[in-house]
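Q: After the sequence you'll find the predicted model.
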Amino acid sequence: MTVKSKVQRVQLTAAAHAVISRECRRSQDGNETGGILLGELRDDVAEIRVAGGPGPAAVRQPTFFLRDLGHAQRLALDAFTRDGSIWVGEWHTHLAAAPVPSERDLATYAGLLADPDLGFETVVAIIAVASPQWDRPAAYAWACSGNQAVAVPLILVADDQCPTSTEDHR
């Protein structure tokens, strides 16, 4: 049985896309990288206005990435103060694996969904892979809820197409 996700598409601003593209180049060193996704869930759309980098204390390994929590929290506070963006998910690279959430990824998303303090109904995930190199990564979006991840369209939009976005997300 296929379950329909609340999130039916992910809209990524040009500013967030630029951060992900730039940060993906770090994976040329043979280690995964990633960061948090900030924006809003509106109706069946996840609007991603800010994509974070890994942060200086992130753990980056060939088959594993763990974000720098302090860095992510500071970025989230800045984005919320600036335009009301909230934490809606995470992005990361896969080096050898397909752009599909791994068992470890699914366990991470399930933990986020199960934490009542976080209040997630859906975790948005973007997984990027080299295509064929890291100078032009291919990215895939997933809406994760319960114990499943559903592929959803990832749409690049101009920053001014997201109603509450700002021009500079650094």
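A: Cool, got the structure.
Q: What's the per-residue pLDDT of the residue lying closest to G34 once chain neighbours are set aside here?
A: Spatially, and ignoring its direct neighbours in sequence, G34 is nearest to H92 (2.9 Å; CB to CB, 6 or more residues apart in numbering). Just so you know, the C-beta spots here come from the backbone N, C-alpha and C atoms, and that holds for glycine as well. At H92, the model reports a pLDDT of 97.
Q: Repeat that for N147.
A: 77.
Q: And it, how close does it get to P62?
A: To P62, N147 is 26 Å away according to CB to CB, to the nearest Å.
Q: that older thread, wait, the residue nearest to G34 sits on I36?
A: No - if you go by CB atoms under 8 Å, H92 and I36 don't touch, sitting 10.2 Å apart.
Q: which of the two has more neighbours?
A: H92 (26 against 23; other CB atoms under 10 Å).
Q: what are the phi and psi angles of Q11?
A: phi -100, psi 130 (degrees, to the nearest 10).
Q: which helix of the chain spans the most residues?
A: Counting by DSSP state H, the longest helix found in the chain is helix 69-83.
Q: What is the subsequent helix or strand relative to it?
A: The helix or strand immediately downstream of helix 69-83 is strand 86-93, counting by DSSP states H and E.
Q: show me where the protein has strands.
A: 9-13, 34-42, 45-51, 59-61, 64-66, 86-93, 123-129, 138-145, 148-152, 154-157 (DSSP state E).
Q: How far off centre is the longest helix of the chain?
A: Using CA atoms, centre = their mean, to the nearest Å, the distance from the centre of helix 69-83 to the centre of the chain it belongs to is 14 Å.
Q: show me where pLDDT drops low in this structure?
A: 1-5, 160-170 (pLDDT under 70).
Q: if I pick A158, what's in contact with it?
A: A158 makes contacts with 13-14, as judged by CB atoms under 8 Å, 6 or more residues apart in numbering.
Q: Return the distance of it relative to T13.
A: Distance of A158 to T13, computed by CB to CB: 7 Å.
Q: What degree of burial does the spatially closest residue to W87 that is not a sequence neighbour show, as a neighbour count?
A: Spatial nearest neighbour of W87, chain neighbours left out: A76 (5.4 Å); criterion: CB to CB, 6+ apart. By the measure other CB under 10 Å, the count of residues near A76 is 17.
Q: Residue numbering should commence at 723 henceforth.
A: Sure thing, new numbering starts at 723, so read that last one as A798.
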